[in-house]
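# show me how the following folds:
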Amino acid sequence: MTSKELVKQALKKWKFPVLDEGENTFVIRYQMNYVHIASLNEDSNSIAVLLTNIFSAENQREELLGLKTCNELNYRMMQVKFYIDADNDLIISSEFFYNTEEDVEALLNMALHAVVTGKKRFVCQYKETEAEDKLIQELNVQE
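Residues are numbered from 1 along each chain as shown. Alright, predicted model coming up:
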């Protein structure tokens, strides 16, 4: 069975409707988020779970704060990656490899939880980073 078929089987079991389907991708709604699930390479038994549309930097300051937040979270969190793409949009990704077909359901469940947890942590960490940056700017003005 292909990675795509294994993912589809798990989603059907969990009663998650597929909202959109591409050649190797699905879009589902999970905990009030639109999540993209992709089988990266059939030969490697790998699957990626992506969360987007959370943050988009509108200027250089926001981009730098977003990157700083991503770096901090990438350092502290495992199982999930944070990055800002070429369009200045945040991507939260959890990728995994599986050995057997039985692994897919449990690993997919962990990946879904990881990206949603990542979203919550990004929002909190960005606010902290923004407040810290504002304080540093104010202190620099006073000097």
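
# helices of this structure, residue ranges please.
Ranges of helices in the chain, per DSSP state H, are 3-13, 60-76, 101-142.

# what's the angle from the longest one to helix 3-13?
Helix 101-142 and helix 3-13 are oriented at 90 degrees to each other (axes from the mean of the first three to the mean of the last three Cα atoms, to 10 degrees).

# show me what helix 101-142 is packed up against.
In terms of contacts (3 or more Cβ pairs under 8 Å, 6 or more residues apart in numbering; DSSP states H and E), helix 101-142 is packed against helix 3-13, strand 33-41, strand 46-51, helix 60-76, strand 90-97. The C-beta positions use only the backbone N, C-alpha and C, and glycine is treated the same way.

# now the longest one: mean pLDDT?
Throughout helix 60-76, pLDDT has a mean value of 96.

# so how far is that helix from its chain's centroid?
Put simply, helix 60-76 sits 14 Å off its chain's centre (Cα atoms, centre = their mean, to the nearest Å).

# what bridges to the residue nearest in space to the middle of the chain?
With the centre of the chain defined as its mean C-alpha position, the nearest residue by Cα atoms, centre = their mean is I92, 2.0 Å away. For I92, the beta-bridge partners under DSSP bridges are L51, F82.

# that one and L73, how far apart?
9 Å (Cβ to Cβ, to the nearest Å).

# contacts for the helix or strand of the chain with the lowest mean pLDDT?
Least confident helix or strand, the chain: strand 33-41 with a mean of 88, by mean pLDDT, DSSP states H and E. Applying Cβ atoms under 8 Å, 6 or more residues apart in numbering, the set of residues contacting strand 33-41 from outside is 2-4, 7, 19, 24-29, 46-53, 95, 108, 112, 115-116, 119.

# generate a PyMOL selection restricted to the buried entries among these.
To isolate the buried members of the contacts of strand 33-41 in PyMOL, using 16 or more other Cβ atoms under 10 Å:
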select buried, resi 3+4+7+24+25+26+28+47+48+49+50+51+52+95+108+112+115+116+119
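
# the inter-axis angle of the least confident helix or strand of the chain versus helix 3-13?
150 degrees.

# sweet, I'm off.
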